[in-house]
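Chemist: return atomic coordinates for the entry below.
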Amino acid sequence: MQLSYRWVIVGVGALMTCVAIGAMFSLAIYLQPMSAATGWSRTGISSAMTLDFLVMGAAGFGWGALSDRIGPRLVVLAGALLLGLALVLASRTTSLLSFQLTYGVMVGLAAGAFFAPMIAAATGWFTENRSLAVSLVSAGMGVAPMTISPFARWLITTYDWRVAMMTVGIMAWILLVPAALLVRRPPAAAAAGPTSAPVPGGEPSMTAAEAFRSPQFIVLALTFFLCCAAHSGPIFHMVSYAIGCGIAPMAAVSIYSVEGLAGLGGRLLFGLLADRHGAKPVLVVGLLVQAFAIATYLAVDRLGEFYALALVFGTAYGGVMPLYAVLARESFGQRVMGTLFGALTMASAIGMAFGPWAGGRIFDAFNSYMWLYIGASSVAVAAVAVALVFSPRREQVRLQAA
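Modeler: Numbering: from 1, shown residues only. Alright, predicted model coming up:
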């Protein structure tokens, strides 16, 4: 029962990340029609996404720490209820400020309740194929551009952005509330009680304070921050950039969907490669490919070229994202995994916050996204350099013992 139920946890986690992250990232689909319908600037609307990432990061840290204490079920249930409410309220706003508060604060607060707690839960349910399991939970983020985003685009085309946003909010309630009730703590953690868990022999075990002070955590958090700061702008503004290159709006959304499909494949591919070759070398290669792909966006302007690049870019940025959780689990153990990965998610969310805001500012100032892609590719190269410094704690212990 326990061996089979771990795959239920993976499936529920994938659904939750798909709906929650997909609903939040769909702001990229609403951006142009909202600006046209309301007269709000792209910078103002994009700022809601910046708030989303900042709030989601801080909330992810809090939700992750809470899931270590009380288990993930109540955490994701609260997130499910809040996400639907936030989207419904945001769809009824009549001012930019009220939209920024509802979509930028409430949606971010809700979205933070899913990723870190479910990733931490998945790492506790698996000892073998852990990279693959974490990648599958994270794969929901890759499915979102193929499901939530096209659905939102169809609703916008058929009705308007307000109906679309409200419908997605109601759908979040329908899907996520029942799913939250299926979530369970890992068997060992459930047997040990809400505040402690046994540590398997040979596995690292650190308190949160010890981990936060370690060089491994600092390097890993900085790499995660730079990685997300590099790809968030190109992802969020890609649809608008493609439309500016003469691509039809629905076709531009399909490029976004191709990126998501590639991200799904990248998560599975990188998860399998990490189980075989180790998470760090796979992470470094993925970051290198991401840097190259971001710079290449400056050289494309045709639909076929966008599709080809979306496959490469999506595979890279999607594939590297789950590897940070695997490296954290290998270095620090399961004891405070929710807290630690919540903190790492906060670092990544701060990085993600820069891209949408910077892209909106650049476009409003220059009527072009050129400097966004130049800056983003430079940050991506910096992420590679920092990742090369990382050394898992267990590896350092072995070296010291030798």
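
Chemist: where does pLDDT dip in the protein?
Modeler: Judged by pLDDT under 70, the chain has its weakly predicted residues at 1-3, 142, 188-206, 393-402.

Chemist: got the CA positions of the helix or strand where residue 162 lies in PDB?
Modeler: Using DSSP states H and E, residue 162 sits within helix 161-180. Coordinates of each C-alpha in helix 161-180 appear next as PDB, following Å, rounded to 0.1, in the frame of the first residue of the first chain:
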ATOM      1  CA  TRP A 161     -10.300  38.300 -19.600                       C
ATOM      2  CA  ARG A 162     -12.600  38.700 -16.600                       C
ATOM      3  CA  VAL A 163     -14.700  35.600 -17.400                       C
ATOM      4  CA  ALA A 164     -11.500  33.700 -18.100                       C
ATOM      5  CA  MET A 165      -9.900  34.500 -14.800                       C
ATOM      6  CA  MET A 166     -13.000  33.800 -12.800                       C
ATOM      7  CA  THR A 167     -13.500  30.400 -14.600                       C
ATOM      8  CA  VAL A 168      -9.900  29.400 -13.900                       C
ATOM      9  CA  GLY A 169     -10.500  30.300 -10.200                       C
ATOM     10  CA  ILE A 170     -13.600  28.100 -10.000                       C
ATOM     11  CA  MET A 171     -11.800  25.300 -11.700                       C
ATOM     12  CA  ALA A 172      -9.000  25.500  -9.100                       C
ATOM     13  CA  TRP A 173     -11.500  24.800  -6.400                       C
ATOM     14  CA  ILE A 174     -13.000  21.900  -8.200                       C
ATOM     15  CA  LEU A 175      -9.700  20.200  -8.900                       C
ATOM     16  CA  LEU A 176      -7.500  21.100  -6.000                       C
ATOM     17  CA  VAL A 177      -9.700  20.800  -2.900                       C
ATOM     18  CA  PRO A 178     -10.400  17.000  -3.500                       C
ATOM     19  CA  ALA A 179      -6.800  16.500  -4.500                       C
ATOM     20  CA  ALA A 180      -5.600  18.000  -1.200                       C
END
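
Chemist: so how far is that helix off the chain centroid?
Modeler: On the basis of Cα atoms, centre = their mean, to the nearest Å, helix 161-180 sits 19 Å off its chain's mean C-alpha point.

Chemist: can you list the neighbours in contact with it?
Modeler: 12, 15-16, 19-20, 23, 26, 30, 33-34, 37, 73, 76-77, 79-81, 83-88, 90-92, 148, 151-152, 155-156 (Cβ atoms under 8 Å, 6 or more residues apart in numbering). Glycine gets a C-beta too; all of them are placed from N, C-alpha and C.

Chemist: if we use 7 Å, what do you get?
Modeler: 12, 15-16, 19, 23, 26, 30, 33-34, 37, 73, 76-77, 80-81, 83-84, 87-88, 90-91, 148, 152, 155-156 (Cβ atoms under 7 Å, 6 or more residues apart in numbering).

Chemist: out of those residues, which are buried?
Modeler: 12, 15-16, 19, 23, 26, 30, 33-34, 73, 76-77, 80-81, 83-84, 87-88, 90-91, 148, 152, 155-156 (16 or more other Cβ atoms under 10 Å).
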